[in-house]
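Peer 1: the following block contains a protein sequence and its predicted model.
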Amino acid sequence: MMPLFELIDVTHDYGRVRALRGVSLAVEAGAIGLVGQNGAGKSTLLQILLGLIRPTQGVACVLGLILRRWWPRMT
């Protein structure tokens, strides 16, 4: 069964601040929750999965589609 979403070695930096570091996971469909301390990167992870921001490195997939193909070019 294809995962609902998958992250492969995803890292995201906001300038000198690293919000996510090498996150890899695959989540199957069903009831999902995202829990963590303040500043743990929950919002950043969701923004990446929604295609609102690009990860600094790594690959994000939703329903088997690699998101980087649809991100607008950053200049």
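Peer 2: Done, it's in.
Peer 1: for the rest of this, base every contact and every neighbour count on C-alpha atoms.
Peer 2: OK.
Peer 1: show me the shaky parts of this protein.
Peer 2: 69-75 (pLDDT under 70).
Peer 1: would you state the strands of it in chain order?
Peer 2: Counting by DSSP state E, the chain has strands at residues 5-14, 17-27, 57-62, 65-66.
Peer 1: please compute how far the last one lies from its chain's middle.
Peer 2: This means strand 65-66. 12 Å (C-alpha atoms, centre = their mean, to the nearest Å).
Peer 1: packing partners for it?
Peer 2: Judged by 3 or more C-alpha pairs under 8 Å, 6 or more residues apart in numbering; DSSP states H and E, strand 65-66 has no packing partners among the helices and strands.
Peer 1: same question for the longest one.
Peer 2: With contacts defined as 3+ C-alpha pairs under 8 Å, 6+ apart, the secondary structure elements packing on strand 17-27 are strand 5-14, helix 42-49.
Peer 1: may I have the strands that pair with that strand, each with its orientation?
Peer 2: strand 5-14 (antiparallel) (DSSP bridges).
Peer 1: in JSON lines: the helices and strands packed on strand 17-27, plus distance to Val27 and mean neighbour count.
Peer 2: Listed next are the helices and strands packed on strand 17-27 as JSON lines, based on distance: least, C-alpha to C-alpha, whole Å; neighbours: other C-alpha atoms under 10 Å:
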{"stretch": "strand 5-14", "distance to Val27": "6", "mean neighbour count": "18"}
{"stretch": "helix 42-49", "distance to Val27": "12", "mean neighbour count": "17"}
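Peer 1: that concludes my questions; thank you for your assistance.
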